[in-house]
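1. pasting the structure only:
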Ligand code: MN
């Protein structure tokens, strides 16, 4: 069964995501803040991470940065789940190393679409084998002078 980690500080959102994922047949793990998410990614090795941006202790931007910097975790598919809805936010989020983006409130069909797209892409990458190593470097290069997490986090606790 495919393991998906939900990192989200809001219990209601977490529960909603859990239900949607379990309905789709995924096995679900939960983390309530960014630090816990990082620990669980290391310890439980989920196949995918749904990562809220606004979280206490460590926000989603800090989490994705640490994941992409860590050679053991760098290829983990990570989808941002966020209420940011302004023009350009999606591009910004993708430039930080996320593989996808879901806006809150998450609806069933966009979640399903995104998971199918990313897991399909991931298994193709595994089948191809080789080019895993290059990806983090490319992504890090693409980030360049991107604004810091605090600058692009105008909504505090979303
Ligand atoms: Mn949040």
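-> Structure's in. What do you need? This one's a predicted model, so the numbers in the text were calculated from it and none came from an experiment. Numbering: from 1, shown residues only.
2. Outside of the lengthiest helix in the chain itself, list whatever touches it.
-> With DSSP state H setting the assignment, residue counts place helix 108-128 as the longest helix in the chain. Around helix 108-128, the neighbours that count as contacts under Cβ atoms under 8 Å, 6 or more residues apart in numbering are 2, 4, 17, 20-21, 23-24, 26, 47-48, 75, 77, 79, 99-102, 131-132. C-beta: built from backbone N, CA, C; applies to glycine.
3. quick one: which of those residues sit in strands?
-> 4, 48, 79, 100, 101, 102 (DSSP state E).
4. okay, who's weakest in the residues you listed by pLDDT?
-> Going through the ones in strands among the contacts of helix 108-128 one by one, the lowest pLDDT turns up at residue 101, 88.
5. Touching, it and residue 92? I think so.
-> No: with contact defined as Cβ atoms under 8 Å, residue 101 does not count as touching residue 92 (9.7 Å).
6. can I assume residue 90 sits in a helix?
-> Yes: Residue 90 sits within a helix when classified using DSSP: H, G, I helix; E, B strand; the rest coil.
7. which one is it nearest to, not counting chain neighbours?
-> Of all residues beyond its chain neighbours, the one nearest residue 90 is residue 101 (5.1 Å), with distances taken as Cβ to Cβ, 6 or more residues apart in numbering.
8. First residue to last residue on stretch 54-71, what's the distance there?
-> This stretch, stretch 54-71, spans 25 Å end to end (Cα to Cα, to the nearest Å).
9. Equivalent analysis for stretch 76-91, please.
-> Its first and final residues considered, stretch 76-91 spans 19 Å by Cα to Cα.
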